[in-house]
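>>> predicted model and sequence follow; I will ask about them next.
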Amino acid sequence: MADGANEYLRLELVAPRGPVYEGDVEMVVVPAVTGELGILPHHAPLVAQLTIGRMRVLTAGGTWLSFAVAEGFAKVQFNKVIVLADTAEEASAIDVPRAEQGVERALRRLEMHRTGTVPEDDVVDPYREQLALKRARNRIKVAQLG
């Protein structure tokens, strides 16, 4: 791309704990509920609902970065992309053993629910456990793909 501020998008990736990434980028690819959505400079304004998946960013320096993101929204307006996600983590920062433990825990809890062996002092919400399982598996996948 040619040099100049007009050839980049400003990206702000934010999760509940605060900013995850902010900077000028050449392209953003988000996991929208309707499929992957690529965003280049001068993109038309839009709001897209996000699903659990891999978000990719081509930085102004030409490097691709990957992020594991969960549900949220992406807003594109005035050459700026704001991504608000329930969780967002850069691939190199993902703790894979912790994500693997998350998979095991969710599978164990879903099995307890399926077999009716949930301890009396515990509550297993199968919907929440399915989301936890999807998020943990996504974190592992994004960490492996980089």
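Looks like it came in fine.

>>> okay, CA-based contacts and neighbour counts for the rest of this
Noted.

>>> residue contacts, the most centrally placed residue in the chain?
In the chain, the C-alpha nearest the mean C-alpha coordinate belongs to residue 69, at 0.9 Å (Cα atoms, centre = their mean). Neighbour list for residue 69: 51-55, 85-89 [criterion: Cα atoms under 8 Å, 6 or more residues apart in numbering].

>>> how about 10 Å then?
13, 15, 30-31, 50-55, 83-90, 135, 138-139, 142 (Cα atoms under 10 Å, 6 or more residues apart in numbering).

>>> and those, which of them are in strands?
13, 15, 30-31, 50, 53-55, 83-85, 88-90 (DSSP state E).

>>> how about these in JSON lines, adding distance to residue 126 and pLDDT?
Formatted as JSON lines, those follow (distance: Cα to Cα, whole Å; pLDDT from 0 to 100):
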{"residue": "13", "distance to residue 126": "29", "pLDDT": "98"}
{"residue": "15", "distance to residue 126": "24", "pLDDT": "97"}
{"residue": "30", "distance to residue 126": "27", "pLDDT": "98"}
{"residue": "31", "distance to residue 126": "24", "pLDDT": "98"}
{"residue": "50", "distance to residue 126": "21", "pLDDT": "98"}
{"residue": "53", "distance to residue 126": "20", "pLDDT": "98"}
{"residue": "54", "distance to residue 126": "24", "pLDDT": "98"}
{"residue": "55", "distance to residue 126": "26", "pLDDT": "98"}
{"residue": "83", "distance to residue 126": "28", "pLDDT": "98"}
{"residue": "84", "distance to residue 126": "25", "pLDDT": "98"}
{"residue": "85", "distance to residue 126": "22", "pLDDT": "98"}
{"residue": "88", "distance to residue 126": "23", "pLDDT": "97"}
{"residue": "89", "distance to residue 126": "24", "pLDDT": "97"}
{"residue": "90", "distance to residue 126": "28", "pLDDT": "97"}
